[in-house]
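Engineer: Could you look at this predicted model? Sequence included:
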Amino acid sequence: MAQLTVELGNHPLEPFGKEEILAAVAILKDQKQLSAADRFVSVMLKEPNKEVVLGFDGMRPFDREAFIIILNSDDNATYEAVVSLSHKKVVSWKHIPGVQPMIMLDEQVECEAAVKASPAFLEALKRLGIETPELVMVDLWSPGNWGAEEDATVRLARPLCFLRSDEKDNGYARPLPLIPIVDMNKMEVLRVEEYEYTQIPMQEANYTLDRVGPLRTGIKPVEITQPEGPSFTINGHEVEWQNWKFRIGFNAREGLTIHTVTYKDLGRERPVMYRGALSEMVVPYGDPGPIQNRKNAFDSGEYGIGQLANSLELGCDCVGYIKYFDGVMSNSKGELMTIKNAICMHEEDFGILWKHTDWRTNDVEVRRSRRLVVSSISTVANYEYGFFWYFYQDGNIQFEVKLTGILSTAGLHPGETPKYGNLVGPDLYAPNHQHFFNVRMDMQIDGSENSVYEVNVVPEELGEDNPRENAFYAKSTLLETEKQATRDLKLETSRYWKVVNDNVKNDLGQSVGYKIVTGENCFPFASENSSLMKRAGFIKHHLWVTPHNEDEMYAAGNYPNQHIGGDGLSAWVEQDRPVKNTDIVVWYTMGHTHVPRPEDWPVMPAAYIGFMLKPVSFFNQSPAINLPPMPKKNHCSSAVKENGCQS
């Protein structure tokens, strides 16, 4: 047997380095005799099982493995491979029939070039009076699956097309009534669907610094400095900050991942969550028109949030003392592709954490909140999504998505008022749509045996025990099976859910736990029989709970691209497995309904959506009670003191 190559001390969840990516590709190419037709969809760390990770002591060797997805473009066939880097061999090679893997970054570039070189497409442009095909933007959209034979048998794209006035212009201001249908394996345009506008919208809608009118003035500088450096420490991808310890991961599909989260309490490291990540997201559009009605983008499973991550070094994505992490992956040829600074980590002030004024003595105690931010931002054609994990000093964890970028637009006949969207310019509208995000949380509250309770706040019955008719209490119900644990929000009862370990009690005899504090949410508007609801069953409910299964990672299933539906969470929970006092995974779905406004154009101000995990009986008292006050020199500036601020 070959000697293990993993160095002692390396953690099993440490993301792949460049050499490991190249080694995994070389081993697979050599031992399976791959050809140029075999395209590397993704190369990522195959995470070892929990026993290996949780039992890791830095001394015992472990098997370092890569999970690789291959698409053979000649045969339209998908394969999954597991490559052992430790033993330098392919340990698994499996054909996955009838599926389409996610769209590769290279394919998006190749698709645009193929469309703009197509005689059929060039002729269609001429019929629109367009003689500058080089200024056409071709945004690759997955076609979905609507029951047609080609949906199930051909790797397809159904791009949307737009026209720039020059190479730096915002082309989304001029959508074209053309849909080229592309065979992605052959990179050939099969046909061009032509629709009708009376005229293409022509008003410019630029946003870059050199094209926006006079900039506003009077904004004074705000500087964020940490002269003594940050409060966090880093070892590889392991982070320690304010009693928190966790690991950062990254892959082509999910993007940013968080692992082995613990909180140090009274000298003891207490586990909270084993793994947290965006599992899937889908953006369904609510316009029945022929150009728009197929738009249901699964941005993670179809496009790969990780491979679309921004390099954060140039902008103002993060402010303060910043630590960056690169995203290392492969392109479709198996060549190394590194997204520099794909992940940003920094600290930021978050206002008052707690305060009390004793009005009798005029003594004031106030503590400011600081949070650690771990973030990544991805561009999916016109939209930007920022994914943020926040860790707080009082034991809270927050996940937030910031939605910005440019609306997906469509043209109108002059004078027409859109029913299924809103005008954002002359002859230009943005269709109504929704954004759904599902976050998979492999919980580990003080151990692996966890349960979920639903808590509803209910009024006390009228009678002698409620003489003022004002009483209410929180009623907890244990969710014992998967079907019972498929739940929705209910505003009338202030419903929430808590993940607890009934085997561990705090000093008050209460089961330790964390609760999900929900933010904005909604329900889908598509019919139960729609393609969307068949393919994205996870959006039917806000909460799902399943027993841990390493093969159940993605809420819409492993291969949502052109899938007919019926996979993922909605299928798994039909087993109705027990989820009481066992190793469980909690899946939370949140949705944002976007009825566009003119104020969202030409670039949408960020909308925020998220949720928080808050300790409930996990501690004996507030873990933030021992925070020191801010140094007096930082309480307020001399200028502010003149207006009444006191140290």
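Structural biologist: On my side now, so go ahead.
Engineer: Which of the three states applies to Glu574?
Structural biologist: helix (DSSP: H, G, I helix; E, B strand; the rest coil).
Engineer: Could you tell me how many residues sit around it?
Structural biologist: 10 (other C-beta atoms under 10 Å). In short, each C-beta sits where N, CA and C put it, glycine included.
Engineer: give the contact list for it.
Structural biologist: Residues counted as contacts of Glu574 (C-beta atoms under 8 Å, 6 or more residues apart in numbering) are Lys483.
Engineer: Then the one 4 residues further on?
Structural biologist: With contact taken as C-beta under 8 Å, 6+ apart, Pro578 is in contact with 480-481, 547.
Engineer: what bridges to it?
Structural biologist: Thr481 (DSSP bridges).
Engineer: For the protein, which strand extends over the most residues?
Structural biologist: As assigned by DSSP state E, the longest strand anywhere in the chain is strand 336-358.
Engineer: now for the very next helix or strand once past that one, which elements pack on it?
Structural biologist: Beyond strand 336-358 on the C-terminal side, the first helix or strand identified by DSSP states H and E is strand 363-380. Using 3 or more C-beta pairs under 8 Å, 6 or more residues apart in numbering; DSSP states H and E, the elements in contact with strand 363-380 are strand 238-241, strand 244-251, strand 255-265, strand 336-358, strand 383-392, strand 397-405.
Engineer: Export those to TSV and append columns for distance to His11.
Structural biologist: Listed next are the helices and strands packed on strand 363-380 as TSV, based on distance: least, C-beta to C-beta, whole Å:
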stretch	distance to His11
strand 238-241	7
strand 244-251	7
strand 255-265	9
strand 336-358	17
strand 383-392	19
strand 397-405	21
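Engineer: Switch those strands over to JSON lines; also include mean pLDDT and mean neighbour count.
Structural biologist: Below are the helices and strands packed on strand 363-380 laid out as JSON lines (pLDDT from 0 to 100; neighbours: other C-beta atoms under 10 Å):
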{"stretch": "strand 238-241", "mean pLDDT": "98", "mean neighbour count": "18"}
{"stretch": "strand 244-251", "mean pLDDT": "98", "mean neighbour count": "22"}
{"stretch": "strand 255-265", "mean pLDDT": "98", "mean neighbour count": "21"}
{"stretch": "strand 336-358", "mean pLDDT": "97", "mean neighbour count": "16"}
{"stretch": "strand 383-392", "mean pLDDT": "98", "mean neighbour count": "21"}
{"stretch": "strand 397-405", "mean pLDDT": "98", "mean neighbour count": "19"}
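Engineer: Closest one of the contacts of Pro578 to Ile339?
Structural biologist: Within the contacts of Pro578, distances to Ile339 taken as C-beta to C-beta reach their minimum at Pro547, with 34.3 Å.
Engineer: Quick check, that closest one in contact with Ile584.
Structural biologist: Yes. With contact defined as C-beta atoms under 8 Å, Pro547 reaches Ile584; the gap is 6.0 Å.
Engineer: more neighbours, these two?
Structural biologist: Ile584 (27 against 17).
Engineer: Look up the closest residue to that one, ignoring the ones flanking it.
Structural biologist: Asn450 (5.2 Å; C-beta to C-beta, 6 or more residues apart in numbering).
Engineer: distance of the one you found from Met443?
Structural biologist: 5 Å (C-beta to C-beta, to the nearest Å).
Engineer: Can you show me the helices along the stretch 401-550 of the chain?
Structural biologist: 531-535 (DSSP state H, counting those that start in this stretch).
Engineer: In it, what residue spans correspond to strands?
Structural biologist: 410-411, 421-425, 428-431, 433-443, 451-459, 472-479, 496-505, 511-518, 543-547 (DSSP state E, counting those that start in this stretch).
Engineer: Could you export those as TSV, including mean pLDDT and distance to Gly267?
Structural biologist: As requested, the strands of the stretch 401-550 of the chain are exported to TSV (pLDDT from 0 to 100; distance: least, C-beta to C-beta, whole Å):
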stretch	mean pLDDT	distance to Gly267
strand 410-411	95	60
strand 421-425	97	57
strand 428-431	97	55
strand 433-443	98	23
strand 451-459	98	27
strand 472-479	98	31
strand 496-505	98	16
strand 511-518	98	17
strand 543-547	99	32
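Engineer: who touches the residue nearest to His548 when sequence neighbours are not counted in this structure?
Structural biologist: Of all residues not flanking His548 in the chain, Asp583 sits nearest, at 4.2 Å (C-beta to C-beta, 6+ apart). Contact analysis of Asp583 by C-beta under 8 Å, 6+ apart lists 50, 448-450, 547-548.
Engineer: Select from those residues the one having the most neighbours.
Structural biologist: With neighbours defined as other C-beta under 10 Å, the most crowded of these is Asn450; it has 29 neighbours.
Engineer: And that one, how far from Val500?
Structural biologist: 7 Å.
Engineer: what does Asn331 give?
Structural biologist: 45 Å.
Engineer: Ser42 too?
Structural biologist: For Ser42 relative to Val500 (C-beta to C-beta), the value is 36 Å.
Engineer: Give me the more crowded residue out of the two.
Structural biologist: Set Ser42 next to Val500 and count neighbours by other C-beta under 10 Å: Val500 wins out with 25 against 21.
Engineer: Identify the bridge partners of that one.
Structural biologist: Ser451, Gly513.
Engineer: what's around Pro615, how many residues?
Structural biologist: 22.
Engineer: Please tell me I have it right and it contacts Ile397.
Structural biologist: No. The pair formed by Pro615 and Ile397 falls short of the contact definition of C-beta under 8 Å, at 9.2 Å.
Engineer: any shared contact partners between these two?
Structural biologist: Counting by C-beta under 8 Å, 6+ apart, the common neighbours of Pro615 and Ile397 are Tyr514.
Engineer: worst-scoring helix or strand of this structure, pLDDT-wise?
Structural biologist: Lowest on mean pLDDT, DSSP states H and E among the helices and strands of the chain sits helix 638-641, with a mean of 37.
Engineer: buried residues in stretch 196-203?
Structural biologist: 197, 200-201 (16 or more other C-beta atoms under 10 Å).
Engineer: ranges for the strands of the stretch 101-250 of the chain?
Structural biologist: 136-139, 156-157, 160-163, 178-183, 188-194, 233-235, 238-241, 244-251.
Engineer: who wins for proximity to Arg535 among those?
Structural biologist: strand 156-157 (14.9 Å).
Engineer: Neighbouring strands of the closest one in the sheet, and parallel or not?
Structural biologist: In the sheet, strand 156-157 lines up against strand 178-183 (antiparallel) (DSSP bridges).
Engineer: now the partner strand and strand 188-194, what's the angle there?
Structural biologist: Between strand 178-183 and strand 188-194, the angle comes out at 160 degrees (axes from the mean of the first three to the mean of the last three C-alpha atoms, to 10 degrees).
Engineer: And the contacts of strand 178-183?
Structural biologist: Counting by C-beta under 8 Å, 6+ apart, 111, 114-115, 118, 120-121, 124-125, 128, 138, 143, 154-161, 188-195, 291 sit against strand 178-183.
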